[in-house]
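J.: Take a look and give me a structure for this.
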Amino acid sequence: MTDPIPTLDSLQKHLEVLERIDAALRDRDAEMLRNANFNPLGVAMLTLDGRWIKTNNAFRGMIGYSEAELHVTSLEDITHDDDVEADGTRQLHLRSGSIRCFETEKRFLRKDGTVVRAFVEVSLVPDESGTPVLMMFEVQDVDAGRHLQDRYRHAQKIETLGRIAGCVAHDFNNVLTAILGFSQLLYIGLEQDSELRDFAAEIVKSANRAVELTGQLKVFSRRDDRELTVMNLNEIVTELDSMLRRLIGEKVTLDIETSTHTGNSSGDRGQIEQVIVNLVVNARDAMPEGGVIKISTGNFDRMRSNPDGSETVETCVRLLVSDEGIGMNDETQCRIFDPYYTTKGKKKGAGLGLYTAKSIVDQSGGDIEVSSEPGKGSTFTIYLPRARDAEEMQSQTQADTDLATGSETILLVEDEGDVRRFVSQVLSRSGYQVVEAADGAEALAIVTDDATPIQMILTDFVMPNMNGDELAERVCQDRPDIKVLYMSGYANEDRLKSENLKPVGSIVLKKPFSPQELMGTVHQLLDAS
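T.: Numbers count the residues shown, from 1 in each chain. Below you'll find the predicted structure:
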């Protein structure tokens, strides 16, 4: 018996069903593609014989082809010759239905002929009846993934180095507290016309320079707040001169030109020194065959836009660092301040120097700009706000030598013997009664002894076994009347935020400190209601 001939109506109904199925499949494919374009991995849809249907942005960016170009190619066309046979075998298994998905590492050929090694997850896409009709690729660039891993490991190294730098800065600040403190006591105790007084002043200056270097360590460790002071770029550049010349080597000449009328600016001196060093190193690296680096300072008036659309003239202090190096194109200039971006290669730079420089300038309320052309060198220009208070900074050795005095009893808790002896000397000379403890446990025993009246605890914050905040919290439970003054080489640790310290109203004294700073702070806290 033969099949009946289909009528026109039945054919029309079949056609409508097919069109609805086709529309549903197109809608599903479009939805899949929309989702795929938000996927950071490469996603591609292919026929079972390897013809490209849809691809997402990440995949096309990975292999360098446009969607239109892929439509006239096949999977085999952009597969490395050595991987074609293995791909063919897997496609046979897919079409036969013996496997539904698999994972593999294969090599794609980019449009420019280079090879991209990729990890590929392949799965079948069935139609409404469950019959496999398409392949779905999810592709991850192996080299890019490893690059991300390398960056992650590099970031971990930076974090580790930062922690080490913070610990070194903390320990070094203890040493500097003793050196700076005793040298200042020596300076105060000598006669005005004594030659030894001049020697003591030189020790103080050298110690202050070491304090600045330690500040740079703390900047690297991200454990320090910026210390805004009035500074002069002429002085900074002049003092850096000899170090910069050693840094750039014999092939490069350093030309420094400072304006005698350069105004003062407000900022963190140690951080601005770091900016200058970073820019000079960058200029040196741009001239592998040698050349001239020019540094100049001066004042500059520029227009600044206000939120209301008006403009005002802003008086700035300007620093220029220029070189005769290879220069940069527009694309490089747009990315030059991005973190981890470098054109020097893996072994010559981490891509953090200019990023750090811009971060510091931004935090100082200034701006940094770059002007460059390929083959014509580069010029970096820094604008810093001019300090309203133009008074020159005075050396600590010229400060008032009269120390605040008192008669209260102070419990001094410090595990570093040299620091404890220095602080004890200053307190005793100023009339205070000092009881010393080398750690928290010893301090607790003294406080609980009713025979020892204590009005203030002066304690280091970071100590073994029991930190200063733990000591203060335990003491203040029974003796809320005791004042607490903390000392620390860490200035920006979360636990050192004054509003979180106990008791309320306690103060943090940053190491290293001068006798005047110590006694002024002690006097301030004891007199506070």
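J.: Tell me which residues touch the spatially closest residue to Ala472 that is not a sequence neighbour, please.
T.: In this structure, Ala472 finds its nearest non-sequential neighbour in Val484, 4.6 Å apart by C-beta to C-beta, 6 or more residues apart in numbering. C-beta coordinates here come from the backbone N, C-alpha and C atoms, glycine included. Neighbour list for Val484: 456-457, 459, 472, 475-476, 501-503, 506 [criterion: C-beta atoms under 8 Å, 6 or more residues apart in numbering].
J.: one more time with 10 Å
T.: Contact analysis of Val484 by C-beta atoms under 10 Å, 6 or more residues apart in numbering lists 411, 456-459, 468-469, 471-473, 475-476, 501-507, 525.
J.: Verify the stated contact: Phe300 with Glu314.
T.: Yes: between Phe300 and Glu314 there is a contact under C-beta atoms under 10 Å: 8.9 Å.
J.: Between those two, which contacts overlap?
T.: Contacts common to Phe300 and Glu314, judged by C-beta under 10 Å, 6+ apart, are 383, 386.
J.: Of those two, which one has the most company?
T.: Looking at Phe300 and Glu314 with other C-beta atoms under 10 Å, you find the greater number of neighbours at Phe300, namely 16 against 13.
J.: Using CSV, write out the CA atom coordinates for the helix or strand containing the more buried one.
T.: Using DSSP states H and E, Phe300 maps to strand 291-305. Extracted C-alpha coordinates of strand 291-305, given in CSV (Å, rounded to 0.1, in the frame of the first residue of the first chain):
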residue,chain,number,x,y,z
GLY,A,291,72.2,60.7,26.3
VAL,A,292,71.2,63.6,28.5
ILE,A,293,68.6,63.7,31.3
LYS,A,294,67.4,67.2,32.1
ILE,A,295,65.8,68.2,35.4
SER,A,296,64.4,71.7,35.9
THR,A,297,62.3,73.4,38.5
GLY,A,298,60.3,76.6,38.6
ASN,A,299,57.0,78.3,39.2
PHE,A,300,54.1,78.0,36.8
ASP,A,301,50.7,79.6,36.6
ARG,A,302,48.0,77.5,34.9
MET,A,303,44.3,77.6,34.4
ARG,A,304,42.2,75.2,36.4
SER,A,305,38.5,74.5,35.8
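J.: So for that strand, what gets flagged as buried?
T.: Within strand 291-305, the residues that qualify as buried are 291, 293-298, 300, counting by 16 or more other C-beta atoms under 10 Å.
J.: can you check stretch 42-50 too?
T.: Applying 16+ other C-beta under 10 Å to stretch 42-50 flags 42-46, 50 as buried.
J.: picking that back up, residues in a beta bridge with the residue nearest to Ala472, which ones?
T.: Val484 has these beta-bridge partners by DSSP bridges: Ile457.
J.: from the buried residues of strand 291-305, which single one is nearest Thr79?
T.: Thr79 has its nearest neighbour among these in Gly291, at 47.8 Å by C-beta to C-beta.
J.: In terms of pLDDT, where does the closest residue to the closest one other than its chain neighbours sit?
T.: With C-beta to C-beta, 6+ apart as the criterion, Gly291 has its nearest non-adjacent residue at 3.9 Å, and that residue is Glu324. pLDDT, Glu324: 92.
J.: can you check the one 3 residues further on too?
T.: In the predicted model, Gly327 carries a pLDDT score of 90.
J.: Make sure Ala332 is indeed in a strand.
T.: No, residue 332 isn't Ala; it's Thr. No: checked against DSSP: H, G, I helix; E, B strand; the rest coil, Thr332 lies outside a strand; its state is helix.
J.: just to revisit the earlier point, for the buried residues of stretch 42-50, give me JSON lines that also has secondary structure and distance to Ala443.
T.: Shown next, in JSON lines, are the buried residues of stretch 42-50 (DSSP: H, G, I helix; E, B strand; the rest coil; distance: C-beta to C-beta, whole Å):
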{"residue": "Gly42", "secondary structure": "strand", "distance to Ala443": "63"}
{"residue": "Val43", "secondary structure": "strand", "distance to Ala443": "64"}
{"residue": "Ala44", "secondary structure": "strand", "distance to Ala443": "69"}
{"residue": "Met45", "secondary structure": "strand", "distance to Ala443": "71"}
{"residue": "Leu46", "secondary structure": "strand", "distance to Ala443": "74"}
{"residue": "Gly50", "secondary structure": "coil", "distance to Ala443": "77"}
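J.: wait, which of those residues is closest to Lys511?
T.: The closest of the buried residues of stretch 42-50 to Lys511 turns out to be Gly42 (C-beta to C-beta; 53.9 Å).
J.: Show me what that closest one is bridged to.
T.: Val139.
J.: repeat for Thr409
T.: Beta-bridge partners for Thr409, by DSSP bridges, are Gln433.
J.: my guess is it meets Ser428, correct?
T.: No: between Thr409 and Ser428 there is no contact under C-beta under 10 Å: 11.6 Å.
J.: which residues do the two both contact?
T.: Common neighbours of Thr409 and Ser428, counting by C-beta under 10 Å, 6+ apart, are Val434.
J.: just checking, Leu427 is part of a helix?
T.: Yes: judged by three-state DSSP, Leu427 forms part of a helix.
J.: Just give the closest residue to it, not the sequence neighbours.
T.: Leu427 sits nearest to Val434 (C-beta to C-beta, 6+ apart), 4.9 Å away.
J.: any idea how far that neighbour is from Ser514?
T.: Distance of Val434 to Ser514, computed by C-beta to C-beta, to the nearest Å: 18 Å.
J.: So for those two, which sits in the more crowded spot?
T.: Ser514 (22 against 17).
J.: pretty sure that one contacts Ile179?
T.: No: taking C-beta under 10 Å as the definition, Ser514 is not a contact partner of Ile179, at 11.9 Å.
J.: Mind listing the shared neighbours of the two?
T.: In contact with both Ser514 and Ile179: Val204, using C-beta under 10 Å, 6+ apart.
J.: Quick check, pLDDT for Val237.
T.: In this prediction Val237 is given a pLDDT of 90.
J.: follow-up on the earlier one: isn't the residue nearest to Leu427 right up against Glu414?
T.: No: applying C-beta under 10 Å, one finds Val434 not in contact with Glu414, separated by 11.2 Å.
J.: shared neighbours of these two, which are they?
T.: Counting by C-beta under 10 Å, 6+ apart, the common neighbours of Val434 and Glu414 are 420, 423-424, 458.
J.: tell me the phi and psi of Gly366?
T.: The phi and psi torsions at Gly366 (degrees, to the nearest 10) take the values phi -110, psi -170.
J.: likewise Ser310?
T.: The phi/psi pair for Ser310 (degrees, to the nearest 10) is phi -80, psi 170.
J.: Break the chain down into its domains, please.
T.: As assigned by automatic domain parsing, the chain contains the domains 28-142, 228-399, 402-527.
J.: could I get these as TSV with distance to Asp198?
T.: Listed next are these as TSV, based on distance: least, C-beta to C-beta, whole Å:
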stretch	distance to Asp198
domain 28-142	65
domain 228-399	10
domain 402-527	18
